[in-house]
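**Student:** Predicted coordinates and the sequence they were generated for:
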Amino acid sequence: MKPWRDGGGRDKGADSAPDPPLGGAEPVPGADDGGHHRGDRIHAHLDSRPHNRVEPGTPSVGIVGAGPVGLALGLAISRAGWSVVAVSSRDEGRRERFRLLLPGVRAFADPAAILDEVELAIVAVPDDAIAAVADSMRLYSGQAMVHTSGLLGAEVLQPALSAGSQIGAFHPLVSFTSDVERSVSGLRGATIALEGDPRLASLLADLAEALGAVPVRLPSGSKPAYHAAAMLASGGTIALLDAIVSLGSVAGLDERGALAVYGRLMEQTLANARALGVNAALTGPVARGDIGTVEAHLETLRRLVPDAVELYQAAARREIRIVEERGALSPEQVERVRTALAKRV
């Protein structure tokens, strides 16, 4: 994963050479008498703007999907000075909430309807729905469409392509929740993974920077690994916290108390990992080869919180690998820890 910008602010590969033709694409209806198509301004913007700042006259934006991701992105993009003019959602309540927060936005049930309004369409729906949305839409010449999936490549939007249009991806590495203001604030400083040809990716990098985020590009084929890591960092952390809260309740702590006590320890551990590296930050009974403690933990878990046993074992096995890498324990000590983890009580 690399930051999008080169030194000096110029985009890598953002030369002035023309784009290659889009193979198999067909001409698009909608040209006016002067031979121009809807969305031509996005190409003018991409071709003429400097590479080190966001210009006035950015493309009009439409959001497909008004759930937590679409709503937070729409609000953040609008606050960043980009023009959000349309939203699409099958849920009337979500459409109305979007319009309440962004007055003047046109709202539609049909995703294809926004294409008469916008130059950049952002598809912010669940991963499994993206292909169907793309299949229902047909871009006009000069328009661009991106999705917000961390797993899927830009090619899932291929059905929407036509002559002179572009597709890409714009994935904010943010935990979006129903608290829209918290989600908007989470965009500042966050990583946003981009896909697209050099001109579109350059525009998306400007958008990411306008949101206060850090645009990055991913190596080809790496998105599933990137997204699995994100799942562990977000959903995996919540699963871990859920187990911690369950164990904390045995010690007389409610959820708030458990998060206060153990959250502090987690923050210290993360700070240590950042300062010293992941390997050096590992502490605890596995790192010490303290077999009696590991056995006591497992016995308690099996008796009181049995559904956390596998989580503990999986984490401890990963810790063993780290311990072996840094040579902190002898092979015999490591084997004894493995045996303790595998023991059935």
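**Tutor:** Done, it's in.
**Student:** Pull the contacting residues for the residue nearest the centre of the chain.
**Tutor:** Geometric centre of the chain, nearest residue: residue 173, 3.1 Å, by CA atoms, centre = their mean. Residues in contact with residue 173 (CB atoms under 8 Å, 6 or more residues apart in numbering) are 150, 190-193, 230. C-betas here are computed from N, CA, C, even on glycine.
**Student:** ok, now with 6 Å
**Tutor:** Residues counted as contacts of residue 173 (CB atoms under 6 Å, 6 or more residues apart in numbering) are 190-191, 230.
**Student:** Of those - the most surrounded one?
**Tutor:** residue 230 (19 neighbours; other CB atoms under 10 Å).
**Student:** Okay, and it sits in which element?
**Tutor:** With elements taken from DSSP states H and E, the one containing residue 230 is helix 223-231.
**Student:** Just the buried residues of that helix, please?
**Tutor:** 223, 226-227, 230 (16 or more other CB atoms under 10 Å).
**Student:** Averaged pLDDT, it. What do you get?
**Tutor:** Averaged across helix 223-231, pLDDT comes to 94.
**Student:** Past it, which element shows up next along the chain?
**Tutor:** With DSSP H and E, the next secondary element past helix 223-231 is helix 237-250.
**Student:** Which SSE is immediately downstream of that following helix?
**Tutor:** Once the chain leaves helix 237-250, the next helix or strand it forms, by DSSP H and E, is helix 255-276.
**Student:** Mind listing what's buried along the very next helix or strand once past that following helix?
**Tutor:** Counting by DSSP H and E, the next helix or strand C-terminal to helix 255-276 is helix 278-281. By 16+ other CB under 10 Å, the buried positions in helix 278-281 come out as residue 281.
**Student:** For the helix holding residue 230, C-alpha coordinates in PDB please.
**Tutor:** In PDB, the C-alpha atoms belonging to helix 223-231 read as follows (Å, rounded to 0.1, in the frame of the first residue of the first chain):
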ATOM      1  CA  LYS A 223      -7.800  -6.100  -2.200                       C
ATOM      2  CA  PRO A 224      -9.100  -9.300  -0.500                       C
ATOM      3  CA  ALA A 225      -6.100  -9.400   1.900                       C
ATOM      4  CA  TYR A 226      -6.500  -5.700   2.500                       C
ATOM      5  CA  HIS A 227     -10.100  -6.100   3.300                       C
ATOM      6  CA  ALA A 228      -9.700  -9.100   5.500                       C
ATOM      7  CA  ALA A 229      -7.200  -7.100   7.500                       C
ATOM      8  CA  ALA A 230      -9.700  -4.400   7.800                       C
ATOM      9  CA  MET A 231     -12.300  -6.800   9.000                       C
END
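**Student:** change the start of the numbering to 186 and stick with it
**Tutor:** Happy to do that; since the first residue is 186 now, the last one works out to helix 408-416.
**Student:** I'd like to check the angle between that helix and helix 422-435, please.
**Tutor:** 20 degrees (axes from the mean of the first three to the mean of the last three CA atoms, to 10 degrees).
**Student:** could you point out which element follows the longest strand seen in the chain?
**Tutor:** Longest strand in the chain, counting residues (DSSP state E): strand 351-357. Proceeding N to C from strand 351-357, the next assigned helix or strand is helix 365-371, under DSSP H and E.
**Student:** returning to what we had before: got the contact list for the longest strand of the chain?
**Tutor:** Residues contacting strand 351-357 (CB under 6 Å, 6+ apart): 329-333, 335, 339, 342, 346, 372, 375, 377-378, 380-381, 385, 389.
**Student:** swap the cut-off to 7 Å and go again
**Tutor:** 307, 329-335, 338-339, 342-343, 345-346, 372, 375, 377-382, 385-386, 389, 398 (CB atoms under 7 Å, 6 or more residues apart in numbering).
**Student:** quick one: the strands in the protein?
**Tutor:** Using DSSP E, the strands of the chain run over 187-188, 246-249, 269-273, 291-293, 305-308, 329-332, 351-357, 376-380, 399-402.
**Student:** looking at these, which is closest to residue 471?
**Tutor:** Proximity to residue 471 (CB to CB) singles out strand 376-380 among those, at 30.4 Å.
**Student:** That closest one: how far from the chain's middle?
**Tutor:** 8 Å (CA atoms, centre = their mean, to the nearest Å).
**Student:** Starting from that strand, tell me which strands it pairs with and how they run.
**Tutor:** The strands that strand 376-380 pairs with in its sheet are strand 351-357 (antiparallel), strand 399-402 (parallel) (by DSSP bridges).
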